[in-house]
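**Student:** Sequence first, then the predicted structure, then my questions.
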Amino acid sequence: MAADDSTTGRSTTRDDAGGPLPPADFSMLVTMFATQALVAMGLIPNPATGKGEPHLELARHFIDLLGVVDEKARGNLNADEAKLIETSLHDLRMAFVEVSKRNTASESGDFGEGEPGPSGDSSDT
C-alpha cells in the first residue's frame, strides 16, 4: 500500500505487517549497504542464526558496492550525504581490516604476544 507524503513528494510504503517503511533516500541506501557489510563481517549477528558469522568476501563486496555508489554520486550529494558515505566507507574499511586480522590470526593460531587465543589463554605463557 502506498500513500503520498506531501512533505517530500515521495510515496510512503507499508510493510506486510502494516508498519511504515523507512524513506527511500540516499542515507537509507548507505545504511543498507553498511549494515549488510557489518553482518557479513560477523559484527552484527545473522538474523537467521543469532550468531556473528564472518563472510569476508561478501563483506568486501558490500563495501566495494558502497564505494561504487560513492564514485557515481560524487558531486551530486549535499554536505550531509557526502559526510555520511565518506565516514561509512572509512569505518567499514577499518573494521574490515581488523576483522581480517582477527580471522587470519585465529586460522593460523598466532594471536600475538600476550593476546588471548580462542580459549582465552594468553599465548605468551
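**Tutor:** Yes, it's here.
**Student:** What backbone torsions are found at residue 20?
**Tutor:** Per-residue torsions, residue 20: phi -70, psi 140 (degrees, to the nearest 10).
**Student:** For residue 59, see how far away the most centrally placed residue in the chain is.
**Tutor:** By Cα atoms, centre = their mean, the chain has its centre lying nearest to residue 34, at 2.7 Å. Distance, residue 34 to residue 59, using Cβ to Cβ, to the nearest Å: 11 Å. C-beta coordinates here come from the backbone N, C-alpha and C atoms, glycine included.
**Student:** and what of residue 33?
**Tutor:** Using Cβ to Cβ, residue 33 is found at 11 Å from residue 59.
**Student:** Over to residue 69?
**Tutor:** According to Cβ to Cβ, residue 69 stands 16 Å off from residue 59.
**Student:** Same drill for these two, tell me which one is more crowded.
**Tutor:** residue 59 (23 against 16; other Cβ atoms under 10 Å).
**Student:** Could you look up the SS state of the more buried one?
**Tutor:** helix (DSSP: H, G, I helix; E, B strand; the rest coil).
**Student:** how about the helices of the chain, start to end?
**Tutor:** Using DSSP state H, the helices found in the chain span residues 26-40, 56-73, 79-108.
**Student:** Mind pulling up the pLDDT for the closest residue to residue 22 other than its chain neighbours?
**Tutor:** In space, and not counting its chain neighbours, residue 22 is closest to residue 28: 5.3 Å by Cβ to Cβ, 6 or more residues apart in numbering. Residue-level confidence at residue 28 comes out at 96, pLDDT.
**Student:** can I assume residue 28 is in contact with residue 34?
**Tutor:** No: taking contacts as Cβ atoms under 8 Å, residue 28 lies outside contact range of residue 34: 10.6 Å.
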